[in-house]
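> Starting from these lines, generate the structure:
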Amino acid sequence: MKNPNPFKQFITPGVRANFEKSNRLGDLWAAVVMEYRRQPDRCSDGGNDKKFFSMIFCEVKLFVVQNEINGLTIMLPEEY
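Alright, predicted model coming up:
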């Protein structure tokens, strides 16, 4: 499967609730694109890659996962 498109982002309700009030969703979108670019195409040791990686944004840990329409879904760990 090819790498996901980092510009097709979807967020879970928990992520929306965390960042919508502080008007940080646009900043989150940009941070995900930047973090995606830092990730290797493939990882063979169980670490991060472009299809599944974790990141910290505004002191909140997030998982970013390739979804079924070849985009990225951003979620809180408890939503995984």
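
> ok, the spatially closest residue to P6 that is not a sequence neighbour to A17 distance?
In this structure, P6 finds its nearest non-sequential neighbour in Y36, 4.1 Å apart by CB to CB, 6 or more residues apart in numbering. Every C-beta, even on glycine, is put in place using the N, C-alpha and C of the backbone. Here Y36 is placed at a distance of 23 Å from A17 (CB to CB, to the nearest Å).

> do the same with E68
Noted for E68: a distance of 23 Å to A17, by CB to CB.

> Who has more neighbours out of these two?
Legend: neighbour count by other CB atoms under 10 Å for E68 and A17, higher for A17 (11 against 6).

> Name the helix or strand for that one, please.
helix 13-19 (DSSP states H and E).

> Over to E68?
Judged by DSSP H and E, E68 forms part of no helix or strand.

> what about E35, which SS state?
Put simply, E35 is helix when judged by DSSP: H, G, I helix; E, B strand; the rest coil.

> how many neighbours does it have?
E35: 19 surrounding residues under other CB under 10 Å.

> residues contacting the most centrally placed residue in the chain?
Residue closest to the average C-alpha location in the chain (CA atoms, centre = their mean): V64, at 2.8 Å. V64 is in contact with V32, E35, Y36, F52, F53, S54, M55, L72, T73, I74, M75, counting by CB atoms under 8 Å, 6 or more residues apart in numbering.

> Understood, closing this out.
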